[in-house]
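Student: structure, please.
(one chain, ligands or ions: 1)
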Amino acid sequence: MHLPSYRGRFAPSPTGPLHFGSLLAAFGSWLIARQAGGKWLVRIEDLDPPREVRGASGEQLRTLERFGLVSDEPVLRQGERDAHYRQALDRLLASGDAFECHCSRSDLAGSGGVHRACVAGARRADPAIRLRVPDGTRIGFDDRVQGAVTQDVARDVGDFVLRRADGPWAYQLAVVVDDAAQGITEVVRGADLLDSTPRQIFLQRRLGLPTPRHAHLPLVLDADGRKLSKSLAAMPVDGNDPLPALRAAWLALGQQQAWPACDSLPMALDAAVRAFESDRIPRTPPTALAALHNAAAIDAA
Ligand code: GLU
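Tutor: Numbers count the residues shown, from 1 in each chain. Presented below is the predicted three-dimensional model:
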């Protein structure tokens, strides 16, 4: 049997500079890919122009490079892949799995925002396109970090959007098309996206695409237990001094072996790949806080 060789990825949205939570996803996915002797790819998820910050993707890529994390293949940009998303959408429309939807947010308020059938009061000039999720669609998968995960997609999510009424492609469609186009064998990302994975697996099945393995890394919380992205702690990481932040990420990934004591970044990264134990990655972030505080202490020293 021919097993595809490992291909992992890091897929930031260019909404600002790289913060510690993104570094954790980048470094975690890089370590797992390198240890598997595989490739690590970077994809810029620039689907939503109003949320993007000018110059952010260039800055993110430069920061990653300072951390020694460089894509093994040319960086893919979702903003340039319209035709591919269109093709996938056309197939789903032709098979009857996707449909035009005129429902507004307030139309769906009665069902908690979950779409089970069209209840639109009025037709819109620019309808959204949704994927039909039949009753009883339960999707399960075995996550490398989080273990067995199951979701009743019909009940908890409903028919979900593939293209928004105001035009942009939905993340769910683009990510599935691109993971397949890039031959990704394992998706390693933050646990904030755990809830999206059953939708993505369902969409992969509808499109006849392979489902990669998954590893959802623990989220980094701040001292008040809030998600990092919502706190002051979401400060940009310092690409001019990569080792302390890498060491903090190493601890947040639950690693017991000491962070390699090297001053050279390439040597530290090589040693980290050799020492990395992916089965130590915690589901929740007990060490992450300490890691963050250590990093701050190191920065202050
Ligand atoms: N672009 C998403 C983000 O920055 C990540 C998507 C993914 O890894 O699937 O949160």
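
Student: name the nearest residue to Val133, ignoring sequence neighbours.
Tutor: Counting by C-beta to C-beta, 6 or more residues apart in numbering, Val133 lies nearest to Ala154, which is 4.7 Å off, once chain neighbours are set aside. Backbone N, C-alpha and C define where each C-beta goes, glycine included.

Student: one more: Val114?
Tutor: Gly158 (3.8 Å).

Student: isn't that neighbour up against Arg116?
Tutor: Yes. Counting by C-beta atoms under 8 Å, Gly158 does reach Arg116; the two are 5.4 Å apart.

Student: more neighbours, those two?
Tutor: Gly158 (21 against 14; other C-beta atoms under 10 Å).

Student: can you tell me which residues contact Ser95?
Tutor: Arg206 (C-beta atoms under 8 Å, 6 or more residues apart in numbering).

Student: pLDDT score assigned to it?
Tutor: Note on Ser95: pLDDT of 97.

Student: helix, strand or coil for the residue nearest to Val133?
Tutor: Secondary structure state of Ala154, per DSSP: H, G, I helix; E, B strand; the rest coil, is helix.

Student: any idea how many residues pack against it?
Tutor: By the criterion of other C-beta under 10 Å, Ala154 has 19 neighbours.

Student: please enumerate the helices of the stretch 51-200 of the chain.
Tutor: Secondary structure of the stretch 51-200 of the chain (DSSP state H, counting those that start in this stretch): helices at 56-66, 82-94, 153-156, 171-181, 197-207.

Student: swap in the stretch 201-301 of the chain?
Tutor: Under DSSP H, counting those that start in this stretch, the stretch 201-301 of the chain gives helices at 242-252, 265-275, 288-300.

Student: lowest average pLDDT across those helices?
Tutor: helix 288-300 (a mean of 49).

Student: up against the ligand, what does the stretch 51-200 of the chain have?
Tutor: Val175, Arg189, Leu193 (C-beta under 6 Å from any ligand atom).

Student: so the second one touches Pro218, yeah?
Tutor: No. Under the criterion of C-beta under 8 Å, Arg189 lies out of contact with Pro218, with a separation of 11.5 Å.

Student: state the pLDDT value of Asp224.
Tutor: pLDDT, Asp224: 67.

Student: cool, and the one 3 residues further on?
Tutor: At Lys227, the model reports a pLDDT of 64.

Student: name the residues that touch stretch 136-147?
Tutor: Contact partners of stretch 136-147, identified using C-beta under 8 Å, 6+ apart, comprise 148-154, 186, 188, 191, 194, 197-199, 201-202, 211, 213-218, 278, 281-283.

Student: thanks a lot, see you next time.
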